[in-house]
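In: Predicted structure and sequence below. I'll ask about it afterward.
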Amino acid sequence: MKLNKFIIATSAAIALSTQVFAEELKFASFTPPFHTINTSVIEKLNADLSAATNGSLTVRGYHGGELGAGPAEQYVRVLQGAADMSWGLPGYTSSQFGKTMIAELPGAIPEDMPGYEALWRVYDKHLNSEFPGTKPLALWTSEPNIFIMRNKVIRTPADLAGLKIRVAGATAAKVASALGATPVQMPASQIYNAMQTGLIDGVITGASTLKDFKLDEVADSLTLGAPLGRLVFYTVLNRRVYDGLTASQKAAVDAASGAGLSKSAEDAWLKTATEALEVARADNANTITDLIDDERAAFTKAVSGVVQSYVKSVNGTATLEAMEGK
């Protein structure tokens with residue numbers, strides 16, 4: 001009987017110890033679980049942290065706005081503690097991320113350079129102050145933006161005159177305006193209905209959205225090759241949560257984040273985009289326009305003043321040069 005009591009007491013102590021030291025981090029996502037973010041970031045973080053800490057630190061994804069609706073509120077949601085970590089687009093709150101948004105401008109990051117490398121290269125010196133109260137775990141960019149349209153074929157800047165084009169943030173809005181379109185800023189989760197109902201004529205975004213947000217169901221025209229920049233994304237962890245972890249848990253987070261996690265995300269975005277474009281090209285109902293050099297040059301000329309104008313407005317000359325690897 002005494003031995004049984006000892007076993008029971010020991011088991012209870014072990015259970016209590018597990019409750020005290022085990023921590024499950026809540027990852028808020030505004031997208032459904034089939035979105036590219038899930039396997040490339042959320043599940044990867046859970047697997048890496050769990051393995052490194054013998055299960056004492058795990059990550060659980062809360063999808064579809066389960067911890068609070070509103071894609072633009074993702075960063076605040078982490079600051080307020082509704083979630084321990086989340087992902088989002090700086091473009092949704094452009095004024096907070098003035099210099100980070102430089103990476104979205106056409107040509108700011110050379111086409112043959114991974115976006116995540118450029119972002120991390122400038123983070124400590126140029127971007128750190130734009131992420132208050134959090135520890136960025138991943139910073140990455142999308143595939144190059146394209147025109148995704150409904151009932152409109154875009155081959156020249158003139159084709160955009162008067163059209164309502166959805167953009168993610170301030171930099172893309174300036175690009176759309178320079179091309180003669182009317183920019184309409186809204187989260188990606190609203191694009192489908194906006195295109196379906198005719199509220200917008202199309203969108204400047206990456207091809208991955210054809211799959212991740214099912215835009216292939218409402219779009220019938222794609223134009224590739226125009227200099228439209230990229231999108232920037234982040235995954236952040238509440239700084240107080242990070243500071244409250246044990247030394248070994250912090251070490252695990254450090255090892256699981258940064259360039260490696262960012263590469264996982266960016267590679268996944270590129271893969272999703274490639275697959276989505278293959279499907280789109282195979283659909284005879286779609287019009288796919290691949291701009292030739294002369295056509296591309298017309299768009300380049302139209303947006304030529306946007307980069308320097310925006311960079312000057314955020315005092316970001318040194319940031320741009322660092323992103324470019326100069």
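Out: Nice, I can see it.

In: domains in the protein, as residue ranges please.
Out: 23-142+231-271, 146-230+272-323 (automatic domain parsing).

In: From residue 235, how far off is the residue nearest to residue 277 when sequence neighbours are not counted?
Out: Of all residues not flanking residue 277 in the chain, residue 207 sits nearest, at 4.9 Å (CB to CB, 6 or more residues apart in numbering). Bear in mind the C-beta positions are built from the backbone N, C-alpha and C, glycine included. To residue 235, residue 207 is 22 Å away according to CB to CB, to the nearest Å.

In: One more: residue 60?
Out: 15 Å.

In: between the two, which one's more packed in?
Out: Remark: of residue 60 and residue 235, residue 235 carries more neighbours, 27 against 11, as counted by other CB atoms under 10 Å.

In: so that one, which of the three states?
Out: When classified by DSSP: H, G, I helix; E, B strand; the rest coil, residue 235 comes out as strand.

In: Quick check, residue 96 in contact with residue 79.
Out: No: counting by CB atoms under 8 Å, residue 96 stays clear of residue 79, with 11.2 Å between them.

In: about what we covered before: would you turn the domains of the chain into a markdown table with mean pLDDT?
Out: What follows is the domains of the chain, written out as a markdown table (pLDDT from 0 to 100):
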| stretch | mean pLDDT |
| --- | --- |
| domain 23-142+231-271 | 97 |
| domain 146-230+272-323 | 97 |
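
In: ok, which stretches of the protein are helices?
Out: Taking DSSP state H, the helices of the chain run over residues 2-21, 36-37, 43-52, 74-79, 115-122, 170-178, 191-196, 209-212, 239-243, 247-256, 259-282, 293-302, 304-313, 317-323.

In: okay, those in TSV with distance to residue 27 and mean neighbour count next?
Out: Output for the helices of the chain, formatted as TSV (distance: least, CB to CB, whole Å; neighbours: other CB atoms under 10 Å):
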stretch	distance to residue 27	mean neighbour count
helix 2-21	20	10
helix 36-37	9	22
helix 43-52	7	18
helix 74-79	10	22
helix 115-122	19	22
helix 170-178	26	23
helix 191-196	23	18
helix 209-212	17	22
helix 239-243	12	15
helix 247-256	13	16
helix 259-282	12	18
helix 293-302	38	14
helix 304-313	32	15
helix 317-323	28	18
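
In: quick revisit: burial measure for the residue nearest to residue 277, as a count.
Out: With neighbours defined by other CB under 10 Å, the count for residue 207 comes to 28.

In: what does residue 161 give?
Out: 11.

In: Quick check: bridge partners of the most centrally placed residue in the chain?
Out: Nearest to the mean C-alpha position of the chain, counting by CA atoms, centre = their mean, stands residue 233 at 2.7 Å. Using DSSP bridges, the bridge partners assigned to residue 233 are residue 140.

In: OK, contacts around it?
Out: Residues in contact with residue 233 (CB atoms under 8 Å, 6 or more residues apart in numbering) are 87, 88, 89, 90, 138, 139, 140, 141, 142, 265.

In: That one and residue 89, how far apart?
Out: Using CB to CB, we find residue 233 at a distance of 6 Å from residue 89.

In: and the contacts of residue 233 as JSON lines, adding distance to residue 280?
Out: Shown next, in JSON lines, are these (distance: CB to CB, whole Å):
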{"residue": "87", "distance to residue 280": "25"}
{"residue": "88", "distance to residue 280": "26"}
{"residue": "89", "distance to residue 280": "23"}
{"residue": "90", "distance to residue 280": "27"}
{"residue": "138", "distance to residue 280": "27"}
{"residue": "139", "distance to residue 280": "28"}
{"residue": "140", "distance to residue 280": "23"}
{"residue": "141", "distance to residue 280": "21"}
{"residue": "142", "distance to residue 280": "16"}
{"residue": "265", "distance to residue 280": "22"}
